[in-house]
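Undergrad: Please work out how this folds:
(one chain, ligands or ions: 1)
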Amino acid sequence: MRKIIPLLFLIGLAGTATAQFDELLPVPQHVKPGKGRFRLGPNFRVVLRESTPSRIRPGANRWLTRLDGRTGLNLPDTAATQGFPGDGLNIWVRTRAALALHDDESYVLKITPRRIMLEAETDLGALHGLETLLQLLSADASGYYFPAGKIEDAPRFPWRGLLIDVCRHWQPAAVIKRNLDGMAAMKLNVLHWHLSEDQGFRIESRRYPKLHEKGSNGHYFTQHEVRDIIAYADARGIRVVPEFDLPGHATAWFVGHPELASAPGPYTIETGFGVFDPAMDPTREEVYTFLDTFLTEMCDLFPDAYFHIGGDENNGKHWNANPKIQAFMQENDLADNHALQQYFNQRLLKILEKNGKRMMGWDEILQPGIPRNIVIQSWRGREALVQAATQGYDVLLSNGYYIDLGKPAAEHYRNDPLPAGSQLDAEARKHVLGGEATMWGELISPETIDSRIWPRTCAIAERLWSAASVKDVSDLYRRLEGASLWLEMDGLRHRSNREIMMRRAAGSTAIQPLATLLDVVEPLKIYQRHHQGIPYSTALPLTRIPDMAIPDAPVARRFRTAMEDYLREPDEPGRIVLTLWLRSWRDNHAAYLELCESAPLLREGIPLSLRLKSLAVVGLELLEMHAAGTPVAEKETVIARTIANAREPSAESELAVVEAFEMLYRTVYAP
Ligand code: ACM
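TA: Predicted coordinates:
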């Protein structure tokens with residue numbers, strides 16, 4: 001069967017919706033499969049106790065709608081409050097959670113052929129249990145069912161976040177909402193909303209309307225929208241933590257309010273990417289008066305107890321160049337820019353504390369003397385996490401969870417906030433709250449953001465929810481297929497938008513040659529796209545080959561796995577699978593060229609397509625030599641050069657299958 005699976009994928013038959021306990025993502029803490037099946041029929045009901053906490057009734061109704069959509073059973077669209085416990089799904093919740101860090105998120109789910117019981121201390125736990133149950137929806141020849149069994153579950157870390165940067169590229173409310181749905185499905189519980197940057201100030205301020213009016217090109221969230229999104233997140237058990245990045249990353253503030261800046265204006269909204277010089281002037285009282293008013297307005301708008309002030313990447317150039325700032329530092333014994341930023345942070349801290357908030361910031365704000373009640377978010381390296389936790393600061397891990405780098409899910413998955421062998425003692429470990437995936441916005445549009453977040457962020461969600469012992473990468477990838485499908489069912493567009501983009505780029509529905517190529521192409525990783533000669537700005541369309549290509553391309557991964565399997569255990573079925581794949585790539589190039597004749601946008605992909613064809617041709621030769629056991633010495637140099645050449649990036653993208661050819665080459669020529 002193992003050999004047949006890649007073949008099924010190749011001909012497009014795999015990816016059915018039948019789920020069982022070993023498909024769940026994130027993996028629950030305790031799973032005990034039982035005997036039998038709970039059959040779903042049109043009489044299926046969700047039954048609540050009358051005194052059910054308020055998130056449950058709408059949560060159960062939304063769940064029923066999703067279940068109804070998947071099964072087409074025409075189920076009642078609202079949960080019942082009479083007849084608890086009944087023959088359907090019974091939900092029993094003790095309390096409404098405050099929606100705060102350290103809320104109880106545990107649940108117990110018992111499925112028997114007769115009834116389902118979902119019990120939780122809080123409504124948050126019950127919402128998680130509903131997600132688990134929906135993942136268990138299965139089907140057989142008799143219809144839909146849930147498999148019998150018992151799950152006891154609770155998160156490993158209380159802070160499981162996703163940062164969305166809406167500044168570098170605008171992301172409207174609908175994008176935020178569908179990603180909140182994805183977060184809820186994956187049991188993530190904090191949206192870190194990055195709201196101000198050099199490239200945009202993205203929220204309405206009623207106290208200082210010039211902030212959003214001048215700093216946003218018209219793309220900002222009204223306070224009405226913000227309240228609506230917070231309510232949407234709350235209903236799904238997700239906290240919303242705003243970030244206003246200060247004192248650097250602040251150019252957009254200064255377009256309307258140049259008086260806050262350390263250098264004279266005028267300022268315009270930044271359109272490039274990188275680290276820029278403008279910074280708040282931390283020496284003037286008027287700046288703190290302004291920030292007091294503004295931050296108080298925002299503290300009132302955002303109910304969460306935590307408030308993020310950024311603090312990263314302030315290069316201090318405008319501070320160095322300003323004689324008044326230099327004089328202030330001398331007078332106040334501030335030895336360097338770190339000390340000055342520390343002074344600034346202490347002033348912000350007072351404003352936030354007055355508003356009942358806990359301050360958090362990037363690891364730069366960890367400076368001697370800053371009080372222990374702030375939270376540090378580690379991004380530059382793991383050391384900051386260890387240092388902060390050891391010194392008694394609460395800390396989050398984001399280093400290693402930068403999903404904008406385009407790395408494979410496996411890498412994020414292996415990145416444990418508390419790895420085996422961590423030198424942290426028991427006390428310090430308690431300070432490690434969890435982590436956050438970071439979706440920075442330089443190279444994402446509302447159309448591509450989903451495919452940059454999902455499904456890879458599922459790996460981070462599992463790392464933060466499941467036991468440390470759950471770490472089998474190939475098992476993660478197996479389950480990621482199903483999770484990706486569920487996310488799509490819930491409205492995420494990581495797959496469908498790619499199809500739409502391909503049809504647009506091709507100007508046609510005949511996109512197969514493009515799809516075949518893109519299946520094994522990935523956008524360049526680790527910000528290499530910024531160094532390929534294209535001067536990226538906020539204005540450039542993100543509709544090209546590297547935007548249609550997705551990170552951690554699943555087809556490429558399956559090919560690599562099929563190659564590994566074959567080389568470990570060479571046999572006829574394995575060779576047939578690889579051969580079919582290689583022939584399809586070899587023959588794709590002519591079709592791709594033909595498509596390009598009427599689709600100029602796709603012409604930049606021709607070198608990649610040609611390299612894929614060349615790889616396929618040498619791959620077929622290598623497979624033959626391997627089967628015959630006779631490497632042809634004269635061909636070695638050409639084959640080696642072809643494979644090396646295929647490593648070259650083109651169109652800010654790369655072929656993601658080269659490694660498999662290298663393996664095959666080594667096996668043939670240097671066994
Ligand atoms: C960051 O990536 N500058 C926090």
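
Undergrad: can you dump the C-alpha coordinates of stretch 91-104 into CSV?
TA: Output of stretch 91-104 as CSV, limited to C-alpha atoms (Å, rounded to 0.1, in the frame of the first residue of the first chain):
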residue,chain,number,x,y,z
ILE,A,91,-22.3,19.6,26.0
TRP,A,92,-21.7,20.2,29.6
VAL,A,93,-19.7,23.2,30.6
ARG,A,94,-19.2,24.6,34.1
THR,A,95,-18.2,28.2,33.6
ARG,A,96,-17.7,31.0,31.1
ALA,A,97,-14.0,31.7,30.7
ALA,A,98,-12.7,35.2,31.2
LEU,A,99,-10.7,34.7,28.0
ALA,A,100,-7.4,35.4,29.7
LEU,A,101,-4.0,33.7,29.9
HIS,A,102,-4.1,30.5,32.0
ASP,A,103,-7.9,29.9,31.4
ASP,A,104,-8.8,26.2,31.7
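
Undergrad: Buried by neighbour count: which residues of that stretch qualify?
TA: Buried residues in stretch 91-104, counted by 16 or more other C-beta atoms under 10 Å: 91, 92, 93, 97, 99, 101, 103, 104. Heads up, the C-betas are built off the backbone N, CA and C, glycines and all.

Undergrad: okay, the residues you listed in CSV with pLDDT and distance to the ligand next?
TA: Below are these laid out as CSV (pLDDT from 0 to 100; distance: C-beta to the nearest ligand atom, whole Å):
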residue, pLDDT, distance to the ligand
91, 96, 40
92, 95, 42
93, 95, 37
97, 96, 29
99, 98, 25
101, 97, 21
103, 98, 27
104, 98, 31
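
Undergrad: Kindly reformat the residues you listed as TSV containing secondary structure.
TA: What follows is these, written out as TSV (DSSP: H, G, I helix; E, B strand; the rest coil):
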residue	secondary structure
91	strand
92	strand
93	strand
97	coil
99	coil
101	coil
103	coil
104	coil
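
Undergrad: from these, which is closest to residue 447?
TA: Top of the list for closeness to residue 447, among the buried residues of stretch 91-104 and by C-beta to C-beta, is residue 99 at 31.1 Å.

Undergrad: so that closest one touches residue 240, yeah?
TA: No - using C-beta atoms under 8 Å, residue 99 makes no contact with residue 240, being 9.4 Å away.

Undergrad: Find residues that contact each of those two.
TA: Both residue 99 and residue 240 are contacted by 234, 304, under the criterion C-beta atoms under 8 Å, 6 or more residues apart in numbering.

Undergrad: Let me see the backbone angles for residue 89.
TA: phi -90, psi 120 (degrees, to the nearest 10).

Undergrad: same thing with residue 125?
TA: Dihedral pair for residue 125: phi -60, psi -40, per degrees, to the nearest 10.

Undergrad: Am I right that it is in contact with residue 109?
TA: No - with contact defined as C-beta under 8 Å, residue 125 and residue 109 do not form a contacting pair (10.0 Å).

Undergrad: Name the residue of the stretch 201-350 of the chain that lies nearest to the ligand.
TA: residue 312 (3.9 Å; C-beta to the nearest ligand atom).

Undergrad: Quick check: the nearest residue to that residue once chain neighbours are set aside vs residue 161, distance?
TA: In this structure, residue 312 finds its nearest non-sequential neighbour in residue 362, 3.8 Å apart by C-beta to C-beta, 6 or more residues apart in numbering. Using C-beta to C-beta, to the nearest Å, residue 362 is found at 14 Å from residue 161.

Undergrad: of those two, who's got more company?
TA: Between residue 362 and residue 161, counted using other C-beta atoms under 10 Å, the more crowded position is residue 161 (28 against 22).

Undergrad: So which bits of this structure are right by the ligand?
TA: By C-beta under 6 Å from any ligand atom, the residues of the chain that approach the ligand are 312, 313, 362, 379.

Undergrad: check contacts around the first one.
TA: The neighbourhood of residue 312, defined by C-beta under 8 Å, 6+ apart, consists of 245, 248, 249, 361, 362, 363, 364, 379.

Undergrad: I'd like to know which of those is nearest to residue 392.
TA: Set against residue 392, the nearest of the contacts of residue 312 by C-beta to C-beta is residue 363 (15.2 Å).

Undergrad: residues contacting the closest one?
TA: Contact partners of residue 363, counting by C-beta under 8 Å, 6+ apart, are 312, 376, 377, 378, 379, 380, 384, 388.

Undergrad: if we can go back for a sec, distance to residue 143 for the buried residues of stretch 91-104 - can I get that in a markdown table?
TA: Converted to a markdown table, the buried residues of stretch 91-104 look like this (distance: C-beta to C-beta, whole Å):
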| residue | distance to residue 143 |
| --- | --- |
| 91 | 23 |
| 92 | 27 |
| 93 | 29 |
| 97 | 35 |
| 99 | 37 |
| 101 | 42 |
| 103 | 37 |
| 104 | 35 |
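
Undergrad: Return the closest of the residues you listed with respect to residue 292.
TA: Nearest to residue 292 among the buried residues of stretch 91-104: residue 101, at 25.4 Å, using C-beta to C-beta.

Undergrad: For residue 404, which three-state class applies?
TA: helix.

Undergrad: Correct me if wrong: it contacts residue 449.
TA: No - the criterion here is C-beta under 8 Å, and residue 404 misses it with residue 449 at 10.1 Å.

Undergrad: okay, and the common contacts of those two?
TA: Common contacts of residue 404 and residue 449 (C-beta under 8 Å, 6+ apart): 439, 441.

Undergrad: The two: who's more crowded?
TA: residue 449 (27 against 22).

Undergrad: is it true that that one touches residue 175?
TA: Yes - at 6.1 Å, residue 449 and residue 175 qualify as touching, with contact defined as C-beta under 8 Å.

Undergrad: Mind listing what's buried along stretch 253-267?
TA: By neighbour count with 16+ other C-beta under 10 Å, stretch 253-267 contains the buried residues 253, 254, 255, 256, 257, 260, 261, 262, 263, 267.

Undergrad: tell me how far it is from the chain's mean position?
TA: Relative to the centre of its chain, stretch 253-267 is centred 34 Å away, using C-alpha atoms, centre = their mean, to the nearest Å.

Undergrad: just stretch 21-41 next, same as before
TA: Per C-alpha atoms, centre = their mean, the centroid offset for stretch 21-41 relative to its chain is 26 Å.

Undergrad: Kindly report the same for stretch 323-333.
TA: 43 Å.

Undergrad: Pick the one among the contacts of residue 363 closest to residue 592.
TA: Using C-beta to C-beta, the contacts of residue 363 come closest to residue 592 at residue 379, 39.6 Å.
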